[in-house]
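Visitor: Sequence first, then the predicted structure:
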Amino acid sequence: MTTSALRDLVTRHPGQLDKQPFLEVVDLRVHFPTDDGLVKSVDGLSFALDRGRTLGIVGESGSGKSVTSLAIMGLHTRPASEQTRPGAQLNGEIYLEGEELLAKSPEYVRSLRGKKMAMIFQDPLSAMNPYYTVGHQIIEAYRIHNPVNKKVARKHAIDMLGRVGIPEPSRRIEAYPHQFSGGMRQRAMIAMALSCDPHLLIADEPTTALDVTVQAQILDLIRDLQSEFNSSVVLITHDLGVVAEIADDVLVMYAGRAVEYGSADQLFNRPAHPYTWGLLGSVPRFEGSRGERLLAIKGTPPSLIHVPSGCPFHPRCTYAARNGGLSEEVRPELTPVEPGHTVACHLSQIEREQIWEHEIAPKL
Amino acid sequence: MTAPTDEPAASGTEQDSNLVIVEGLVKHFPIRAGILRRQVGAVQAVDGVDFAVKRGETFSIVGESGCGKSTTARLLTRLLEPTGGKITFQKRDITHLKDGQLRPLRRDMQMIFQDPYSSLNPRHTVGKIVGAPFRLQGVTPPGGIKKAVQDLLSAVGLNPEHYNRYPHEFSGGQRQRIGIARTLALRPRLIVADEPVSALDVSIQAQVINLLEDLQEEFDLTYVIIAHDLSVVRYVSDRVAVMYLGKIVELADAEALYGAPMHPYTVALMSAVPVPDTRRRQERERILLSGDVPSPISPPPACRFHTRCWKAQEICRTEEPPLVELLPRHYVACHFPENYPQGAESER
């Protein structure tokens, strides 16, 4: 399939079809050669994101969501020329504000990191240097991209810490990461990531390590800062609750591919892929009562070395038998089911709607 | 605080149905400093906890990190020595039993751990891991250990032919099943599960939750489940205790607790849980707690929640609210409970 055809499959919002999206990933492949074989972490992923919107990428461990974000940030180690140290093999295209990044030199991509795009990691303790104060690390990041003296940078760092809700920022700027609590560290990392007003913010499981009450604070913070800076956010998570809370659009990944893409409203109210149904059915609900059974997905996520043929979800799919072996043989492409909503599944639209309405929705 | 007030444990008629009774349980971890390693303070991980677990029920303890829920689990199974209080298991005081005296007890009381990677010995086969309880207790099950292990493996949904495989050959969910098979080996009465599903992916989490439910029926088990995920707890529990900084702040039937939480902390905790439903994004009223949980080394005086509570008054800073039965079977430790009939506050 040609790139242009693939690009047509990428979903855009109605009325913006001719506009270049802010971030566009086209047929991204990230493979890791290992002794056991080629690990296909991401295998043909395409999506687009507009300025000022939040995209939630959901999937289980090993679905390729973090690998995708590292690829956008240019953080994968490329294979060394003499094949001594195997790195990642990257193919495809990543456009940020119309500029293709994968073909650019690591030095150039590095100059964009922090300024144009920034990342928040899951574990703030390991993402910060324990040897330097929090303030030092924010000041350093700011001064790399802005020709200002230390005094100005320090003032900016204090300002940022205050904005993310750290009490007494002018005093806490001298603190070391270990002197902060988990929630405070995550705030400090957000302050660092936002210090240069990046246009794109990638948050990889930003609240997974935090308690629910702190998680609510951090999600609120990300939402507020996003509207203030009009930045685009890619939020990577396994928690459908977090996605429903904050995302405008949702991309569901399975075995390194997108299986469904749509607005949060479409995904949660009219999900079209059997895997998405499984995920929604697996989540214990607040309204659910004791003794009700969860609609678990059978089996386990596949190996990324021996990805199942055809639709990678077919061994775990209850409905794979319905189309006479098609799921085992042919890999389904993302096809539109309604404007802005695409799904990669061989079930016909009528079958899908009937299953959702009669079999899945009543049990959720 | 050691004397239990009008606790569920104390009511005489229910005594027989209680498998575990915990009264005024305390665990302080000393902090030592200086050359002489003098004690300079203590982490008050669990500070006066009372509850009772009935036979056949699932009793859950929820709370945020540092609230003492895991320490409580380890005290219950006597992996830790309590600083104070009393634990009664099957009508026997087990508070200060020595290691040798504890071993027979472990037949009736087992634990499931959070991390399925570190809780299985990587050098042992599945057969050896699941069969270990038989060997340690000197029990020979009818039909031999191997057959018993294979039966256990199929009971938890694993292939009995995997008897000779090693833990690294299994996924996280399967490993958790191996751990569960091991706890079931000696047919215990009580299983204490510390975050049994939080390390697993959502789809696998649902499988393990369903499995725990099935096993409870099949093996007539009593569960004490420690978890931070309120939705999971709602699914599996009969009764739920909410802990904050080493104390139980609310204890009630799951239905009542989730339907009409009374302690402000429980209310805030529940409102903070993200719900996978976009339609609720607008209608939900969220209570954002400010700040972090205070340090358990020097917890706030009186009501420990007063520093973050939006209803706190002068009395909350000076007088500790006891855990009392405000509604039938609904215990709350708060001066100004939510969802409580008007005017009732002045009675107290």
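Guide: Okay, I see it.

Visitor: which residues in chain B form helices?
Guide: Ranges of helices within chain B are B:69-76, B:99-105, B:126-137, B:145-155, B:172-184, B:202-219, B:230-236, B:254-259, B:264-272, B:280-283, B:314-318, B:344-347, based on DSSP state H.

Visitor: Let's have these in JSON lines, adding mean pLDDT and distance to B:V192.
Guide: Where you see a C-beta, it was placed from the backbone N, CA and C, and this is true even at glycine. Converted to JSON lines, the helices of chain B look like this (pLDDT from 0 to 100; distance: least, C-beta to C-beta, whole Å):
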{"stretch": "helix B:69-76", "mean pLDDT": "93", "distance to B:V192": "5"}
{"stretch": "helix B:99-105", "mean pLDDT": "89", "distance to B:V192": "12"}
{"stretch": "helix B:126-137", "mean pLDDT": "93", "distance to B:V192": "15"}
{"stretch": "helix B:145-155", "mean pLDDT": "93", "distance to B:V192": "19"}
{"stretch": "helix B:172-184", "mean pLDDT": "91", "distance to B:V192": "9"}
{"stretch": "helix B:202-219", "mean pLDDT": "90", "distance to B:V192": "12"}
{"stretch": "helix B:230-236", "mean pLDDT": "89", "distance to B:V192": "14"}
{"stretch": "helix B:254-259", "mean pLDDT": "92", "distance to B:V192": "18"}
{"stretch": "helix B:264-272", "mean pLDDT": "91", "distance to B:V192": "22"}
{"stretch": "helix B:280-283", "mean pLDDT": "68", "distance to B:V192": "34"}
{"stretch": "helix B:314-318", "mean pLDDT": "93", "distance to B:V192": "33"}
{"stretch": "helix B:344-347", "mean pLDDT": "47", "distance to B:V192": "36"}
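
Visitor: wait, what's in contact with the most centrally placed residue in chain B?
Guide: Taking C-alpha atoms, centre = their mean, the centroid of chain B lies closest to B:I226, which sits 3.0 Å from it. Residues in contact with B:I226, defined by C-beta atoms under 8 Å, 6 or more residues apart in numbering or on different chains, are B:S60, B:I61, B:K69, B:S70, B:T72, B:A73, B:V192, B:A193, B:D194, B:E195.

Visitor: make it 6 Å
Guide: The contact partners of B:I226, by C-beta atoms under 6 Å, 6 or more residues apart in numbering or on different chains, come to B:I61, B:K69, B:S70, B:A73, B:D194.

Visitor: Tell me the one of those nearest A:K65?
Guide: Minimum distance to A:K65 across the contacts of B:I226 is 27.9 Å, recorded for B:D194 (C-beta to C-beta).

Visitor: Test my guess that that closest one contacts B:A73.
Guide: Yes. Between B:D194 and B:A73 there is a contact at 4.8 Å, judged by C-beta atoms under 6 Å.

Visitor: Low-confidence ranges, chain A, go.
Guide: Applying pLDDT under 70 to chain A flags residues A:1-19, A:79-86, A:288-291.

Visitor: For chain B, give me its nearest residue in it.
Guide: At 3.1 Å from chain B, A:G241 is the closest residue in chain A, using C-beta to the nearest C-beta.

Visitor: Number of residues surrounding that residue?
Guide: 18 (other C-beta atoms under 10 Å in any protein chain shown).

Visitor: And the closest residue in space to it that isn't next to it in sequence, what's its pLDDT?
Guide: The shortest distance from A:G241 to any non-neighbouring residue, by C-beta to C-beta, 6 or more residues apart in numbering or on different chains, is to B:P274 (3.1 Å). Note on B:P274: pLDDT of 86.

Visitor: B:P274 reaches A:I246, doesn't it?
Guide: No. Counting by C-beta under 6 Å, B:P274 stays clear of A:I246, with 8.2 Å between them.

Visitor: Tell me which residue lies nearest the centroid of chain A.
Guide: For chain A, the residue nearest the mean C-alpha position is A:I236 (3.3 Å; C-alpha atoms, centre = their mean).

Visitor: Now for that one: which residues touch it?
Guide: For A:I236, the contact set (C-beta under 6 Å, 6+ apart) comprises A:I57, A:K65, A:S69, A:D204.

Visitor: Tell me the first helix or strand C-terminal of the helix or strand containing it.
Guide: Remark: A:I236 resides in strand A:232-237, with elements defined by DSSP states H and E. Using DSSP H and E, the helix or strand that follows strand A:232-237 towards the C-terminus is helix A:240-246.

Visitor: State the distance from B:I112 to chain A.
Guide: For B:I112, the distance to chain A equals 18 Å [C-beta to the nearest C-beta, to the nearest Å].

Visitor: That residue - how many residues pack around it?
Guide: Residues lying near B:I112 (other C-beta under 10 Å) number 25.

Visitor: go on, the one 5 residues further on?
Guide: Applying the criterion other C-beta under 10 Å, we find 13 residues in the vicinity of B:Y117.
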